[in-house]
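Chemist: From the sequence below, what's the structure:
(one chain, ligands or ions: 2)
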Amino acid sequence: MQNSPLHHFDFRFVLLEGIHATAVETLATSGYSRVDARPGALTGDELLHAIADADFVGIRSRTRLTEEVLRHAPKLLGIGCFCIGTNQVDLEAAALLGIPVFNAPFSNTRSVAELVLAEIVMLMRGIPEKNALLHRGGWMKSASNSWEIRGKTLGIVGYGHIGTQVGVLAEHFGMKVVYHDIEAKLSLGNAHQLGSLDELLAASDVVSLHVPETPATRNMMDGTRLGAMKPGSFLINASRGTVVDIDALADALASGHLLGAAIDVFPAEPKSNDEPFVSPLLRFDNVILTPHIGGSTAEAQANIGREVAAKLARYANNGSTVSAVNFPEVSLPAHEGQCRVLHIHHNVPGMLARINDRISQAGLNIVAQYLQTTQHVGYVVIDVDAEARQVAFDELNAIDGTIRCRLIC
Ligand SMILES: NC(=O)C1=CN([C@@H]2O[C@H](COP(=O)(O)OP(=O)(O)OC[C@H]3O[C@@H](n4cnc5c(N)ncnc54)[C@H](O)[C@@H]3O)[C@@H](O)[C@H]2O)C=CC1
Ligand SMILES: O=C(O)CCC(=O)C(=O)O
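Modeler: Ligands and ions are numbered 1, 2, ... in the order given. Below is the predicted model of the structure:
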């Protein structure tokens, strides 16, 4: 990793995956005009080449930033995930390379919740298969397997920002809402937390998944769990593709155990709109298939563009790491008239003493000091008078255990 006192307005931002124009506007407003915004996700050598010289990278859910990829971007200071999920980034490797990762934890949640509500109505009226048949010139005027959603039970797995909104909207339609979460959660409306996932599966007419991708949620809905759902019920997944065993879902649909599903996310998704989509679910007319667009609305994307770009700009010009998902969080005031040294280090015993020894031996006057640590990484920010900036930078940068040191004046 390079420890460069480069002037921060020279930073180069590489934005992939068609991030909304509000991101470029927000960066420009903050003084950053070196922005390379590209439409699609990149992989392999193309990705390595695109980010090799970047100071900041912005992605959505399709670009994989593994440790190997990150090591090919020696200047990289920060990553913006212009979405909620951050499972596409090796967060621990990024932290140990001194790279905070930011996301937009709220901006697209309403969009996902609205889509899920619409899907509940569509599935319970049998619209997907009727729609498909009519497109082929058929006709199916029938009330068979067609229900109002009023009075039915919705089971929400993962009662977070999205799950809670889905619950509130569903109650407005007159649904009974139960949920399962690994944490004790405050129930909104009349929703009711159940003790186990199996209890929820047995009770629900529709199950909607809103958990993050973690080792515990991988294949959470496997053949056994799908079998534990009520006969004739429906599954919705707008969380992550790895949460549902797609082959087992295909079996449950083929046997008629499930009457339908709405799936927005897949274990393997095309990298761009030019790649074909392949799935064992293609043959089911009673499955709504959408191309990972739960959060793809004009409102959500514009908000996300502003939110994440503002976080990157603030880290670039101020050092603040508030709401970083993998990094010590420090909220920093403006530092007008002073220079700010940002020191990211391995969180080992004696590090703070080493920093303070260096500062005092160099006779530096510290105007303000901030410190935050996580298990493996420490982040110390020191404001010094402008004339002391180079000495302060050189002293801190020379400390054993330094991951990265940066100067903002
Ligand atoms: N389809 C799309 O376009 C979008 C998909 N998403 C996905 O939706 C997920 C959820 O988003 P939010 O509600 O904003 O996240 P959140 O973090 O607010 O809520 C997730 C909830 O799941 C719970 N949880 C975690 N592990 C669990 C487990 N093993 N069993 C039960 N509950 C568990 C958490 O305690 C938390 O309450 C995101 O992680 C993302 O992967 C988010 C936005 C758009
Ligand atoms: O819209 C996107 O690129 C990804 C949305 C998503 O899955 C998320 O926000 O986690």
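Chemist: what does the chain put close to ligand 1?
Modeler: Neighbours of ligand 1 within the chain, by Cβ under 6 Å from any ligand atom: 84-85, 108-109, 112, 157-163, 180-183, 210-214, 216-217, 238-240, 264-265, 292, 294-295. Every C-beta, even on glycine, is put in place using the N, C-alpha and C of the backbone.
Chemist: Show the buried residues in the residues you listed.
Modeler: Listed as buried from the residues of the chain next to ligand 1 are 84-85, 108-109, 112, 157-163, 180-181, 210-211, 213, 217, 238-240, 264-265, 292, 294-295; burial here means 16 or more other Cβ atoms under 10 Å.
Chemist: low-confidence ranges in the protein?
Modeler: Low-confidence segments of the chain, defined by pLDDT under 70, are located at 1-7.
Chemist: which helix in it runs the most residues?
Modeler: Secondary structure of the chain per DSSP state H: the longest helix is helix 298-318.
Chemist: that older thread, out of the residues of the chain next to ligand 1, name the ones that lie in strands.
Modeler: Among the residues of the chain next to ligand 1, the members falling in strands (DSSP state E) are 157, 180.
Chemist: residue nearest the centroid of this protein?
Modeler: Of all residues in the chain, the one closest to the mean position by Cα atoms, centre = their mean is Gly85, 2.0 Å from it.
Chemist: I'd like to know how far that residue sits from Thr26.
Modeler: Remark: distance between Gly85 and Thr26 (Cβ to Cβ, to the nearest Å) = 21 Å.
Chemist: Kindly report the same for Glu269.
Modeler: From Glu269 to Thr26 the distance is 27 Å (Cβ to Cβ).
Chemist: So for the two, which sits in the more crowded spot?
Modeler: Thr26 (20 against 15; other Cβ atoms under 10 Å).
Chemist: Surely that one is in contact with Ala310?
Modeler: Yes: judged on Cβ atoms under 8 Å, Thr26 makes contact with Ala310 at a distance of 5.5 Å.
Chemist: got a list of what whatever residue of the stretch 101-250 of the chain ends up closest to ligand 1 touches?
Modeler: Across the stretch 101-250 of the chain, the shortest distance to ligand 1 (Cβ to the nearest ligand atom) belongs to Gly160, at 1.7 Å. Contact analysis of Gly160 by Cβ atoms under 8 Å, 6 or more residues apart in numbering lists 181, 210.
Chemist: How about the one 10 residues further on?
Modeler: Contacts of Ala170 were listed using Cβ under 8 Å, 6+ apart, and they are 117, 120, 149, 154, 177.
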